[in-house]
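Visitor: Generate coordinates for the sequence data below:
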Amino acid sequence: MQPYNYDRFSSDQYVLDSFHGPAPGQKAPGFSLSTPDGAPAELLDFSGDFLVLELGSITCPLFQSRRKTMAALVAQNPDTSFAILYVREAHPGAQFPKHNSDADKRANALGLQTVDGEGRKILVDTLEGEAHAAYGSFPNSVFIINKSGCVVYFSDWNNPAATGRALRSLKAGKPVRSESLFLPPLPPVALKTLRQAGKGAAKDFFKSLPKLIWENLIKRNLRVLTGKAPKIAPDTRC
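Guide: All right, here's what the predicted structure looks like:
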């Protein structure tokens, strides 16, 4: 069994064709976590009409590529709560290595705030990723959760345009399907992220790139295009 906090990235750490997070219509798991400064925080403690929860880390090119668009979505929806579940380092390197302690994990999450300027609330998962496992274990998933604590939209990979469309429909009282195409990271952002992670991160990423393209950009997107998920109402109770 591979360790949760790995030293080097490999696509073998993820079962990319099998997602085990909460499905639309199911209860969103709650956890007692912490903020980057160590203050206690509850995952499902939010005041908005919905919670948009995105999973990410400072070394994840996909997550970093989404941040600008997600920031615009935050600005457009002041009545909605947004949060980041900080998970393991997707592409650890010499500068931002794997987490060996809770303090390490909080320090890297704090870097996301202070170095990268992330403005959303950050919830730091436990060292062994208990919340991450409950939410599917992928590096950059997204969930929309209603006030009843039910998942009303999810995507195993965040597509901010699709997330925004789903949020607008839910706020208008319309049911939505959890379908979104996988988008690769923006090349300049990906390269910057891997350089920032430090020595070793880029080499491991590019070694796995052919498999990542096949599993996500081709095979997964074909599943989305040929499938049809059920629609979930915004006031769903579970």
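Visitor: which stretch of helix or strand covers Pro139?
Guide: Of the helices and strands defined by DSSP states H and E, none includes Pro139.
Visitor: could you show me where the helices are in the chain, in order?
Guide: Secondary structure of the chain (DSSP state H): helices at 61-76, 102-114, 130-134, 160-171, 187-197, 201-212, 221-226.
Visitor: mind listing what the most centrally placed residue in the chain touches?
Guide: Central residue of the chain (CA atoms, centre = their mean): Leu55, 2.1 Å from the mean position. By CB atoms under 8 Å, 6 or more residues apart in numbering, Leu55 lies in contact with 63, 84-85, 87, 132, 135, 138-142. Yep, even glycine has a C-beta here, placed from its N, CA and C like the rest.
Visitor: low-confidence ranges in this structure?
Guide: Scanning the chain for pLDDT under 70 picks out 1.
Visitor: Which residues does the residue nearest to the centre of the chain form beta bridges with?
Guide: Leu85 (DSSP bridges).
Visitor: From Val15, how far out is it?
Guide: According to CB to CB, to the nearest Å, Leu55 and Val15 sit 16 Å apart.
Visitor: Distance to Lys199 for the contacts of Leu55 - can I get that in a markdown table?
Guide: What follows is these, written out as a markdown table (distance: CB to CB, whole Å):
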| residue | distance to Lys199 |
| --- | --- |
| Phe63 | 21 |
| Ile84 | 26 |
| Leu85 | 27 |
| Val87 | 22 |
| His132 | 25 |
| Tyr135 | 30 |
| Phe138 | 25 |
| Pro139 | 20 |
| Asn140 | 23 |
| Ser141 | 28 |
| Val142 | 30 |
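Visitor: Now tabulate the residues you listed in TSV and tack on neighbour count and distance to Leu212.
Guide: Converted to TSV, the contacts of Leu55 look like this (neighbours: other CB atoms under 10 Å; distance: CB to CB, whole Å):
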residue	neighbour count	distance to Leu212
Phe63	28	15
Ile84	23	22
Leu85	23	22
Val87	27	17
His132	23	19
Tyr135	27	20
Phe138	22	12
Pro139	25	11
Asn140	24	12
Ser141	23	16
Val142	27	18
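Visitor: Go through these and say which is closest to Gln113.
Guide: Checking the contacts of Leu55 against Gln113 with CB to CB, the nearest one is Ile84 at 9.8 Å.
Visitor: who's in contact with the residue lying closest to that closest one once chain neighbours are set aside?
Guide: Once flanking residues are discounted, Ile84 sits nearest to Ile122: 4.9 Å by CB to CB, 6 or more residues apart in numbering. Neighbour list for Ile122: 35-36, 83-84, 86, 109, 112-113 [criterion: CB under 8 Å, 6+ apart].
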